[in-house]
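**Q** 3D model of this:
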Amino acid sequence: MREDALRQPHPGCPFCELAPSRLVAQLPLTITIRDAFPVSPGHTLVIPRRHFASLFDATPEEICEIWQAV
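**A** The predicted model follows:
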């Protein structure tokens with residue numbers, strides 16, 4: 001996977017321009033934030049850095065890191 005593919009912001013993506021204060025954790029392929037509109041206490045989001053439409057489009061490394069973050 002190309003490094004620049006992880007860093008390209010996408011227009012209209014609400015997760016590309018997050019304030020650093022919202023970050024709970026960062027790994028090379030994912031970021032973790034508290035949800036701005038939680039449905040329960042502690043509601044947290046694990047977000048892949050690379051944009052893809054479905055988990056089926058994630059690489060094995062991305063899937064592993066998503067589960068590691070969870």
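**Q** OK, contacts around the most centrally placed residue in the chain?
**A** By CA atoms, centre = their mean, the chain has its centre lying nearest to I47, at 1.7 Å. Residues counted as contacts of I47 (CB atoms under 8 Å, 6 or more residues apart in numbering) are F15, T30, I31, T32, I33. For every residue, glycine as well, the C-beta is placed using N, CA and C.
**Q** The fourth one against Q26, yeah?
**A** The reference is to T32. Yes. Assessed by CB atoms under 8 Å, T32 is found in contact with Q26 at 7.4 Å.
**Q** More neighbours: those two, which one.
**A** Shown here are T32 and Q26; by other CB atoms under 10 Å, T32 has more neighbours (17 against 13).
**Q** need the strands for this protein, in chain order.
**A** All strands of the chain, identified by DSSP state E, fall at 23-26, 30-34, 44-48.
**Q** Adding distance to Q68, write those strands out as CSV.
**A** Below are the strands of the chain laid out as CSV (distance: least, CB to CB, whole Å):
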stretch, distance to Q68
strand 23-26, 10
strand 30-34, 8
strand 44-48, 9
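**Q** Of all those strands, which one comes closest to C64?
**A** Closest of the strands of the chain to C64 is strand 30-34, at 10.1 Å (criterion: CB to CB).
**Q** starting at the chain centroid, how far to the closest one?
**A** Centre-to-centre, strand 30-34 and its host chain are 6 Å apart (CA atoms, centre = their mean, to the nearest Å).
**Q** can you pull the buried residues of it?
**A** T30, I31, T32, I33 (16 or more other CB atoms under 10 Å).
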